[in-house]
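Q: Prediction below, plus the sequence it came from.
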There are 2 protein chains.
Amino acid sequence: MPAEAKVSAKVNKPAKVEARAAVPASPPLTERQEARRRRILHASAQLASRGGFDAVQMREVAESSQVALGTLYRYFPSKIHLLVATMQDQLEHMHGTLRKKPPQGETAAERVAETLMRAFRALQREPHLADAMVRALTFADRSVSPEVDQVSRQTTAIILDAMGQENPTPEQLSAVRVIEHTWHSALITWLSGRASIAQVKIDIETVCRLIDMTAPTTA
Amino acid sequence: MPAEAKVSAKVNKPAKVEARAAVPASPPLTERQEARRRRILHASAQLASRGGFDAVQMREVAESSQVALGTLYRYFPSKIHLLVATMQDQLEHMHGTLRKKPPQGETAAERVAETLMRAFRALQREPHLADAMVRALTFADRSVSPEVDQVSRQTTAIILDAMGQENPTPEQLSAVRVIEHTWHSALITWLSGRASIAQVKIDIETVCRLIDMTAPTTA
DNA sequence: CGCTAATCTAGAACAAGTTTCAGACTTGAT
DNA sequence: ATCAAGTCTGAAACTTGTTCTAGATTAGCG
């Protein structure tokens, strides 16, 4: 019988049940495997923090995490997969942090903007890491869709949390989608030096108005 | 003295005057150079139309356009530069096309949405080409900022054209920025199969409401 | 304990973007 | 027409992501 169970299939077909869990379903990992996975993600984040996307070199990640190159690829089938997983990891962390201090704004729009700006400031502290993660996210092709979707759901969750709405209207969900679009794209323009921090702030605040505009009590 | 003038500096420092011209400034090209440049862009678009980003291989582009690899790199210092330039080229074309048939909508928001959906349909006809161009655009790092900015200005021009506003307010310009963000990001989600065409339509229509919301006559 | 299937390792090999170099070719100026 | 400077070419080399292979290890099971 198998020893350490298979880590994760290359193409993660949508599982039957279990659609929103943090981990899609894949067979449980042994302790050593879990440790390897953590070492890899840690090395990835560390290298990314240094020099961004380019500094995350698969050979180096493998060496830093004391894992053979082939093993690294078994855990993460591509550099993009690795960085997207790194982002999932960081996002979970951030969601936890953000939860602790709920935003103070009066309106939902203000709260969402405040939350996103808080997240943005966190990213500013590790701009290289942000670069690596965001670039990977937007460069990801179809083979990474499940993982990218997971990141998207997590982001949606953060925004909905900030809104503090129990039952968002379909219109509000559309607004949230647009906010996510803006968030990602604004990050990119900032990371590539084409927009200032102030400009990103304005963009976020601008798009967040859509929320109140579509609020059930207002509309 | 120089023969065929230098094509373009690797790092295109911001020129003194001339900020919004289609071509930043670089010394004029000889006829043969212009022809080479066109052949290269044509080959790039052709290969991209076949298989998207991955299909645009520098060696193949060089061969298709009957130019040495080194020459290709002299004209376009990286694959990303090449594809962003390809996008500039296509965008110009599209702007010309869109100008001919102005959108019919009543409100500015409707007209912008209509225009963007028209552009979207054009992209759908060459999804692989769209893939190559958009992926390059969002993956571009600082070294491509001038070119990406140019694309952004062109996109802004298209949107402002659709709005039909002579003097947009600062708020409207913010809205336009957010629309561009949404446009790019929505394209990405569509290209990577994470959003349907219908969903993109909804997102565009949603974000376009920001325009009327910030219209001087309404606000 | 000993077996068997799966995993992990080290390292070579391959692919495509990028760089480099020597030599042939063009261009504009004299 | 000739020359100097800059370009283009063809080919090799280098880099880094990805794949492959043979053998050593490990995990679960009888």
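A: Structure's in. What do you need?
Q: CA atoms for contacts and neighbours, from now on please.
A: Noted.
Q: helix/strand/coil for A:G193?
A: Reduced to three states with DSSP: H, G, I helix; E, B strand; the rest coil, the structure at A:G193 is coil.
Q: hang on, it packs against B:V144?
A: No: taking contacts as Cα atoms under 8 Å, A:G193 lies outside contact range of B:V144: 10.2 Å.
Q: which of these two has more neighbours?
A: Neighbours were counted for A:G193 and for B:V144 using other Cα atoms under 10 Å in any protein chain shown; B:V144 has more, 22 against 14.
Q: ok, the closest residue to that one other than its chain neighbours - how many residues close by?
A: Residue nearest to B:V144 in three dimensions, not counting chain neighbours: B:H81, with 6.4 Å by Cα to Cα, 6 or more residues apart in numbering or on different chains. Counted with other Cα under 10 Å, residues neighbouring B:H81 total 22.
Q: same question, A:P77
A: A:P77: 18 surrounding residues under other Cα under 10 Å.
Q: and if you look at A:L47?
A: By other Cα under 10 Å, 22 other residues sit near A:L47.
Q: what do you get for A:R142?
A: Applying other Cα under 10 Å, we find 15 residues neighbouring A:R142.
Q: Isn't it up against B:T189?
A: No: in this structure A:R142 lies outside contact range of B:T189 using Cα under 8 Å: 9.6 Å.
Q: Quick check: the gap between A:F53 and DNA strand C.
A: 13 Å (Cα to the nearest atom of the strand, to the nearest Å).
Q: from what I can see that residue touches A:H128, true?
A: Yes: the pair A:F53 and A:H128 qualifies as a contact (Cα under 8 Å) at a distance of 7.4 Å.
Q: So for stretch A:107-121, what gets flagged as buried?
A: Neighbour-count burial for stretch A:107-121 flags A:108-117, A:119-120 (criterion: 16 or more other Cα atoms under 10 Å in any protein chain shown).
Q: Could you do stretch A:154-164 as well?
A: Buried-residue list, stretch A:154-164, by 16+ other Cα under 10 Å: A:154-156, A:158-164.
Q: same question, stretch A:47-55
A: In stretch A:47-55, counting by 16+ other Cα under 10 Å, buried: A:47-49, A:52-53, A:55.
Q: among those residues, which are in strands?
A: Among these, no member falls in strands (DSSP state E).
Q: Let me have these in JSON lines, extended by distance to DNA strand D and pLDDT.
A: Shown next, in JSON lines, are the buried residues of stretch A:47-55 (distance: Cα to the nearest atom of the strand, whole Å; pLDDT from 0 to 100):
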{"residue": "A:L47", "distance to DNA strand D": "11", "pLDDT": "98"}
{"residue": "A:A48", "distance to DNA strand D": "11", "pLDDT": "98"}
{"residue": "A:S49", "distance to DNA strand D": "14", "pLDDT": "98"}
{"residue": "A:G52", "distance to DNA strand D": "10", "pLDDT": "97"}
{"residue": "A:F53", "distance to DNA strand D": "8", "pLDDT": "98"}
{"residue": "A:A55", "distance to DNA strand D": "7", "pLDDT": "97"}
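Q: Between those residues, which sits nearest A:R32?
A: Of all these, A:L47 has the smallest distance to A:R32: 22.3 Å, by Cα to Cα.
Q: list the contacts for that closest one?
A: A:55-56, A:61 (Cα atoms under 8 Å, 6 or more residues apart in numbering or on different chains).
Q: remind me which residues of chain A are low pLDDT?
A: A:1-27, A:215-219 (pLDDT under 70).
Q: which residues in it form helices?
A: A:31-51, A:58-64, A:69-75, A:79-100, A:108-125, A:127-139, A:145-163, A:170-191, A:197-213 (DSSP state H).
Q: Can I get these in a markdown table including distance to B:I179?
A: Below are these laid out as a markdown table (distance: least, Cα to Cα, whole Å):
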| stretch | distance to B:I179 |
| --- | --- |
| helix A:31-51 | 30 |
| helix A:58-64 | 36 |
| helix A:69-75 | 38 |
| helix A:79-100 | 25 |
| helix A:108-125 | 17 |
| helix A:127-139 | 18 |
| helix A:145-163 | 19 |
| helix A:170-191 | 8 |
| helix A:197-213 | 9 |
